[in-house]
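J.: got a predicted structure plus its sequence, pasted below:
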Amino acid sequence: MGLLQSTSSMTAPAKLNITPLGNLEEYPIPVYQFSILFDDPEKPVALFQTVSELSITRAIDSLNEGGLNDFGREFPGQISYGHITFDVGLSSSDFFYKWMMDGRYAGRAAGKTFTLVQRRPNPEGGSPIFADVKSWTFTNAFPVSWKLSELSLKDSENIVIESLELSFDYFDLDPTT
């Protein structure tokens, strides 16, 4: 067929039937509010603007078979958890500093179990303003690093950020939220 030759009529592609999700729970969860709860679920210790490095890694054990040069086999190994870091605007609370310093003279760290709760604006409106979306329970967590952002007159319009990095044994995703 030449470039100037006409072709038979073309049919339009079939229309896709795309329907929106019917349940708000199916939409991606926005990152609105994170809080840490220790003993009292009604009193969060802090509200966070950033939670980072929440990760799980599975080690891989490799096995190369003699005479099989095309590929090697991999087997699932031990699960490990990375450290988690919380960033929050500095407030009058000294909870995280005290937790970091607890046990410094005894050569130990104070392990605590806590719950991290993610919330978003309540889809139905009204009260409560925020609805729980997910929660994770961290077991035997202890601080490995505490720091403040730079304190400088040139940044007088910015807020001071307190960062806390934690190590922990493991975490579970709470199925009840």
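T.: On my side now, so go ahead.

J.: residue contacts, the spatially most central residue of the chain?
T.: When CA atoms, centre = their mean is applied to the chain, the residue found nearest the centroid is residue 54 (4.7 Å). By CB atoms under 8 Å, 6 or more residues apart in numbering, the contact list for residue 54 reads 82, 84, 136, 171. In short, each C-beta sits where N, CA and C put it, glycine included.

J.: check those and tell me the two furthest apart.
T.: Greatest spatial distance among the contacts of residue 54 (CB to CB): 82 and 136, at 13.3 Å.

J.: the two: which is more packed in?
T.: Per other CB atoms under 10 Å, whichever of residue 82 and residue 136 has more neighbours is residue 136, with 18 against 13.

J.: who touches the more buried one in this structure?
T.: By CB under 8 Å, 6+ apart, residue 136 lies in contact with 54, 115, 116, 171, 172, 173, 174.

J.: residues near the last one, how many?
T.: The burial count assigned to residue 174 is 14, neighbours taken as other CB under 10 Å.

J.: skipping adjacent residues, who's closest to it in space?
T.: Nearest residue to residue 174 in three dimensions, chain neighbours excluded: residue 135, at 4.2 Å (CB to CB, 6 or more residues apart in numbering).

J.: doesn't the one you found lie inside a strand?
T.: Yes: using DSSP: H, G, I helix; E, B strand; the rest coil, the assignment for residue 135 is a strand.

J.: per-residue confidence at it?
T.: Each residue has a pLDDT score; the one for residue 135 is 91.

J.: the one 10 residues further on now?
T.: At residue 145, the model reports a pLDDT of 94.

J.: make sure residue 100 is indeed in a helix.
T.: Yes: assessed with three-state DSSP, residue 100 lies in a helix.

J.: for residue 37, see how far away it is.
T.: 19 Å (CB to CB, to the nearest Å).

J.: higher neighbour count, these two?
T.: residue 100 (21 against 17).
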